[in-house]
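K.L.:
sequence unknown, structure follows:
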């Protein structure tokens, strides 16, 4: 199950560790511009069950650095995902995969009915 992890905290600034997504996202050029590519990759991972409901997503800066895209591409993708109801933002707490998705997603293989 993918998670977000925090590598060792840097020495400058209190609590400024960078969260990274343990799931490698594939950006498909056919999906359009970078924001659409990030949106499509995250959407597929959420709907496919690789990103479980309630998972905290990395900050836009951290995910942009991980994917090698501009931060604005991640910000726009997060806005679209929020509009789709797939993620929720909690001011001061971060961005999370929407909790209500657990009831709508297919059960993982081998899970009890």
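P.N.:
Perfect, thanks for sending it. These numbers were taken from a predicted model, which means no experiment stands behind them. Numbering: from 1, shown residues only.
K.L.:
for stretch 30-46, buried residues please.
P.N.:
Residues 31, 34-43, 45-46 are the ones in stretch 30-46 that count as buried (16 or more other CB atoms under 10 Å). C-beta here means a position set from N, CA and C on the backbone, and glycine is covered the same way.
K.L.:
just stretch 89-98 next, same as before
P.N.:
Buried-residue list, stretch 89-98, by 16+ other CB under 10 Å: 95, 96, 97, 98.
K.L.:
contacting residues for the second one?
P.N.:
This points to residue 96. Neighbouring residues of residue 96 by CB atoms under 8 Å, 6 or more residues apart in numbering: 54, 55, 56, 57, 87, 88, 89, 90.
K.L.:
ok, now the third one?
P.N.:
Counting by CB under 8 Å, 6+ apart, residue 97 makes contact with 46, 51, 52, 53, 54, 55, 57, 86, 87.
K.L.:
ramachandran angles for it?
P.N.:
phi -70, psi 130 (degrees, to the nearest 10).
K.L.:
my guess is residue 77 is in a helix, correct?
P.N.:
Yes - counting by DSSP: H, G, I helix; E, B strand; the rest coil, residue 77 is part of a helix.
K.L.:
next up, the contacts around it.
P.N.:
The contact partners of residue 77, by CB under 8 Å, 6+ apart, come to 35, 36, 38, 39, 42.
K.L.:
ok, residue 39 touching residue 83?
P.N.:
No - Residue 39 lies out of contact with residue 83 (CB atoms under 8 Å); the separation is 10.0 Å.
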